[in-house]
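Undergrad: Turn this into a structure:
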Amino acid sequence: MISQSIRFPTLATTLWNDSGRIRSITLMVVGAALLTLSAKVQIPFYPVPMTMQTFVVLVLGLTYGFKLGGMTVLLYLVLGSTGLPVFAGTPEKGIGLLYMVGPTGGYLLGFVLAAMTTGYLAERGWDREMMSTFLALLIGNVLIYVPGLIWLGNVVGWDKPVLAWGLTPFVFGDMAKIVLAMLVVPAAWKVVRKID
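TA: Here you go, the predicted structure:
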């Protein structure tokens, strides 16, 4: 049964049980590096190639929790805002704040919302079983799409095919990533329980 009030430890806390700054900074840097790497690697997929970036955002939220997951994605965005080419399509499609206020800016905001929400749900035990993990990941994915599509529509104009540009080409890939994360995170918990 999924609890709403009891706070569960996250995978990161269970594997590295230290509340110090060194742990937090290390995990944030590792997470930001994973986000950068996941933005740069394209996997052939139908109908468009996909990156693993939303997978990493959602899994970071589930494994790090509300605060650390959100702070990790914020660090990634701060690095990108300074002009470092950490985002998908950078530096070819621009860098820094100009890139961030472009058509994909809303999705970047959605990354923060998704990491924090999946982290919050993980702290309530939603990352332990496959079905609750699937629901947490689905909610997180919706929280990426909603601000992403609203932002995209405002940037390019609502008279354009916003859903065809910003949603439908990515649905199959995102569902595949959700299924993968749904299998990986509860499996990681099973391994951790066996070690304990």
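Undergrad: alpha carbons only for contacts and neighbour counts from here, please
TA: OK.
Undergrad: okay but residue 34 is in contact with residue 57, surely?
TA: No. Counting by C-alpha atoms under 8 Å, residue 34 does not reach residue 57; the two are 9.2 Å apart.
Undergrad: so who does residue 178 touch?
TA: 55, 134, 137, 138 (C-alpha atoms under 8 Å, 6 or more residues apart in numbering).
Undergrad: Check which helix or strand residue 56 maps to.
TA: helix 53-64 (DSSP states H and E).
Undergrad: so for stretch 86-102, what's the average pLDDT?
TA: Per-residue pLDDT over stretch 86-102 has a mean of 90.
Undergrad: on that earlier part again, residue 34 and residue 57: who's more crowded?
TA: Using other C-alpha atoms under 10 Å as the criterion, residue 34 and residue 57 rank with residue 57 on top: 31 against 18.
Undergrad: And the residue lying closest to the more buried one once chain neighbours are set aside, which helix or strand is it part of?
TA: Distances taken as C-alpha to C-alpha, 6 or more residues apart in numbering place residue 115 nearest to residue 57, at 5.8 Å, with adjacent residues excluded. Using DSSP H and E, residue 115 sits within helix 105-122.
Undergrad: Find the centremost residue of this protein, please.
TA: Residue closest to the mean C-alpha point of the chain, counted by C-alpha atoms, centre = their mean, is residue 57 at 1.5 Å.
Undergrad: What confidence value was assigned to the residue of the chain most remote from its centre?
TA: Residue farthest from the centre of the chain, counting by C-alpha atoms, centre = their mean, is residue 159 at 29.2 Å. With respect to pLDDT, residue 159 has a value of 95.
Undergrad: ok, it to residue 152 distance?
TA: Remark: distance between residue 159 and residue 152 (C-alpha to C-alpha, to the nearest Å) = 11 Å.
Undergrad: State the number of residues packed around the closest residue to residue 106 other than its chain neighbours.
TA: Spatial nearest neighbour of residue 106, chain neighbours left out: residue 148 (3.8 Å); criterion: C-alpha to C-alpha, 6+ apart. Look at residue 148: counted by other C-alpha under 10 Å, it has 22 neighbours.
Undergrad: same deal with the one 4 residues further on?
TA: Summarising burial for residue 152: neighbours were counted as other C-alpha under 10 Å, giving 24.
Undergrad: ok, now which ones touch it?
TA: Residue 152 sits in contact with 103, 104, 105, 106, 162, 166, where contact means C-alpha under 8 Å, 6+ apart.
Undergrad: With residue 189 as the reference, measure out to it.
TA: In terms of C-alpha to C-alpha, residue 152 sits 37 Å off from residue 189.
Undergrad: go on, residue 88?
TA: Shown here: residue 88 relative to residue 189, a distance of 30 Å by C-alpha to C-alpha.
Undergrad: Can you check the pLDDT for residue 2?
TA: 51.
Undergrad: Could you do residue 187 as well?
TA: For residue 187, pLDDT reads 93.
Undergrad: May I see the buried residues of the top helix by length along the chain?
TA: The longest helix of the chain (DSSP state H) is helix 130-156. Within helix 130-156, the residues that qualify as buried by neighbour count (16 or more other C-alpha atoms under 10 Å) are 130, 132-141, 143-153.
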